[in-house]
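Peer 1: what follows is a protein structure lacking sequence information:
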């Protein structure tokens, strides 16, 4: 039971009391709103939400950063790759540059006191801001002395890096005719979109997930599938006869690469394929067509 409110002082006008009550109610509401906003921001940060202004490194922009190092072991990182690249030259980016997995599978040239190394984006660094990257042990040793711990570096995207083989595809565990989920690998440039087509249907746009899989709710039937991949520079390729086989790397002859790399580092070695050597069950070679090759300017580039 709520206690009755104290009787007003006879010298205080009733209108003034009502105004004061309205002010108190407004302040209480504003406080709740502010608290909710703070809690929302806190939950978003703790939940690893992608910043509103986020995009993977593209083009020829040179970024300055501090680099540290770590060892991912056999893990393929937040990008959910089957494992690290064979040369173990990889990097983890902060949430803005990782951009909800949009940077996965792309390459950076990182330059430090000792030289330049080419690394594949494989992971998200939870403690890295916009001016920090986390290199693999092997990559860090090529640009700085490990005794430093932290090194000043610069990095830029590698546009159209030379790769061994064509695009790879890996269906997620749990994928079915009713829920399509595929990971695209060995693409080099960041991807802008993935579309897929099942038997007897048209192409449907897949949604990028933070674990580097592309999904189509409702599924596309039992397969095989045709998958059309477009990178941020507008290059497009289509692979066909991709099967509904979970957790197996399916290799194709489709490639987003143009005959001559648009950007490369003379001191950096060619980057390897991201996928491990195929087993007999992974030796699929779907047919493919390259549909478009355009310039190196990113499409719909972030204006952040």
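Peer 2: That came in fine, so what should we check first? Being a predicted model, the structure only gives us computed values, none of them experimental.

Peer 1: show me what the helix or strand containing residue 169 is packed against.
Peer 2: Here residue 169, judged by DSSP states H and E, is contained in strand 168-171. The contact analysis (3 or more Cβ pairs under 8 Å, 6 or more residues apart in numbering; DSSP states H and E) places strand 168-171 against strand 179-185, strand 236-242, strand 249-251. Where you see a C-beta, it was placed from the backbone N, CA and C, and this is true even at glycine.

Peer 1: dump these to JSON lines, plus distance to residue 207, mean neighbour count and mean pLDDT.
Peer 2: JSON lines is the format used below for those (distance: least, Cβ to Cβ, whole Å; neighbours: other Cβ atoms under 10 Å; pLDDT from 0 to 100):
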{"stretch": "strand 179-185", "distance to residue 207": "10", "mean neighbour count": "22", "mean pLDDT": "98"}
{"stretch": "strand 236-242", "distance to residue 207": "18", "mean neighbour count": "21", "mean pLDDT": "97"}
{"stretch": "strand 249-251", "distance to residue 207": "21", "mean neighbour count": "24", "mean pLDDT": "97"}
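
Peer 1: tabulate those (a markdown table), appending distance to residue 99.
Peer 2: Below are the helices and strands packed on strand 168-171 laid out as a markdown table (distance: least, Cβ to Cβ, whole Å):
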| stretch | distance to residue 99 |
| --- | --- |
| strand 179-185 | 16 |
| strand 236-242 | 20 |
| strand 249-251 | 24 |
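
Peer 1: show me what residue 153 is bridged to.
Peer 2: residue 65 (DSSP bridges).

Peer 1: how about it, what does it touch?
Peer 2: 64, 65, 66, 67, 110, 111, 112, 133, 143, 144 (Cβ atoms under 8 Å, 6 or more residues apart in numbering).

Peer 1: cutoff 7 Å now
Peer 2: Residues in contact with residue 153, defined by Cβ atoms under 7 Å, 6 or more residues apart in numbering, are 65, 67, 110, 111, 112, 143.

Peer 1: can you count the residues close to residue 246?
Peer 2: 13 (other Cβ atoms under 10 Å).

Peer 1: ok, now how distant is it from residue 58?
Peer 2: Per Cβ to Cβ, to the nearest Å, residue 246 is found 32 Å from residue 58.

Peer 1: and residue 180, by the same measure?
Peer 2: Look at residue 180 and residue 58: by Cβ to Cβ, they are 27 Å apart.

Peer 1: contact partners of the helix or strand hosting residue 227?
Peer 2: Using DSSP H and E, residue 227 maps to strand 225-231. Residues outside strand 225-231 that contact it (Cβ under 7 Å, 6+ apart): 167, 169, 182, 184, 187, 189-198, 203, 236-240, 242, 256.

Peer 1: partners of it in the sheet?
Peer 2: strand 191-197 (antiparallel), strand 236-242 (antiparallel).

Peer 1: now those strands as CSV including distance to residue 176?
Peer 2: Output for the strands paired with strand 225-231, formatted as CSV (distance: least, Cβ to Cβ, whole Å):
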stretch, distance to residue 176
strand 191-197, 14
strand 236-242, 14
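
Peer 1: which stretch among those strands comes nearest residue 219?
Peer 2: strand 191-197 (10.0 Å; Cβ to Cβ).

Peer 1: would you mind checking the average pLDDT for the closest one?
Peer 2: Throughout strand 191-197, pLDDT has a mean value of 97.

Peer 1: for the stretch 201-304 of the chain, give me the ranges with low pLDDT.
Peer 2: For the stretch 201-304 of the chain, the stretches with pLDDT under 70 are 258-304.

Peer 1: burial of residue 127, as a residue count?
Peer 2: 9.

Peer 1: mind listing what it touches?
Peer 2: Contact partners of residue 127, counting by Cβ under 7 Å, 6+ apart, are absent.

Peer 1: show the pLDDT at it.
Peer 2: For residue 127, pLDDT reads 87.

Peer 1: wasn't it part of a strand?
Peer 2: No. Using DSSP: H, G, I helix; E, B strand; the rest coil, the assignment for residue 127 is coil, not a strand.

Peer 1: separation between residue 221 and residue 170?
Peer 2: Plainly put, residue 221 is 19 Å away from residue 170 if you go by Cβ to Cβ.
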